[in-house]
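In: coordinates only, sequence not included:
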């Protein structure tokens, strides 16, 4: 146990003073809550409303089919753009542009 502590101290002395014992707080992460909200509002909620309307009006496949034709392309673009923007945030943290050095 003492050898491990001594080895750890040796490793930390080779690090710059500002990074010794520091924990990185800038770990890149995706905002999953934002992505789930976008998915819910753009896909799940419109399908639930269209299905409820179909069941209430008794014309089961009509409004749901229209919702499929309209909502799926819009949701795929919206969710895809949100995911790409989250990935872009991660890339900017992990590998910033060369001119920022």
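Out: Sure, I can see it. Since this is a predicted model, take the numbers as computed values, not measurements.
In: In three-state terms, label residue 29 for me.
Out: At residue 29 the chain is in coil, as set by DSSP: H, G, I helix; E, B strand; the rest coil.
In: Give me the phi and psi angles of it.
Out: Phi and psi for residue 29, reported as degrees, to the nearest 10, are phi -150, psi 150.
In: which non-adjacent residue is nearest residue 83?
Out: Closest residue to residue 83 apart from its sequence neighbours, by C-beta to C-beta, 6 or more residues apart in numbering: residue 35 at 6.4 Å. C-beta: built from backbone N, CA, C; applies to glycine.
In: burial count for residue 98?
Out: 6 (other C-beta atoms under 10 Å).
In: What distance do you get for it to residue 65?
Out: 50 Å (C-beta to C-beta, to the nearest Å).
In: same deal with residue 39?
Out: Going from residue 39 to residue 65 by C-beta to C-beta gives 21 Å.
In: try residue 87
Out: As judged by C-beta to C-beta, residue 87 and residue 65 stand 33 Å apart.
In: For this structure, give me the ranges with low pLDDT.
Out: 1-26, 100-101 (pLDDT under 70).
In: Tell me which stretches of it form helices.
Out: Ranges of helices within the chain are 2-13, 32-39, 45-57, 60-94, based on DSSP state H.
In: Could you dump these into JSON lines and include mean neighbour count?
Out: Putting these into JSON lines (neighbours: other C-beta atoms under 10 Å) gives the following:
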{"stretch": "helix 2-13", "mean neighbour count": "9"}
{"stretch": "helix 32-39", "mean neighbour count": "13"}
{"stretch": "helix 45-57", "mean neighbour count": "14"}
{"stretch": "helix 60-94", "mean neighbour count": "13"}
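In: what number of residues lie near the closest residue to residue 93 other than its chain neighbours?
Out: Computed as C-beta to C-beta, 6+ apart, the closest residue to residue 93 that is not its neighbour in sequence is residue 28, at 4.2 Å. Here the number of neighbours of residue 28 (other C-beta under 10 Å) works out to 13.
In: For residue 28, give me phi and psi.
Out: Torsion angles, degrees, to the nearest 10, at residue 28: phi -70, psi 140.
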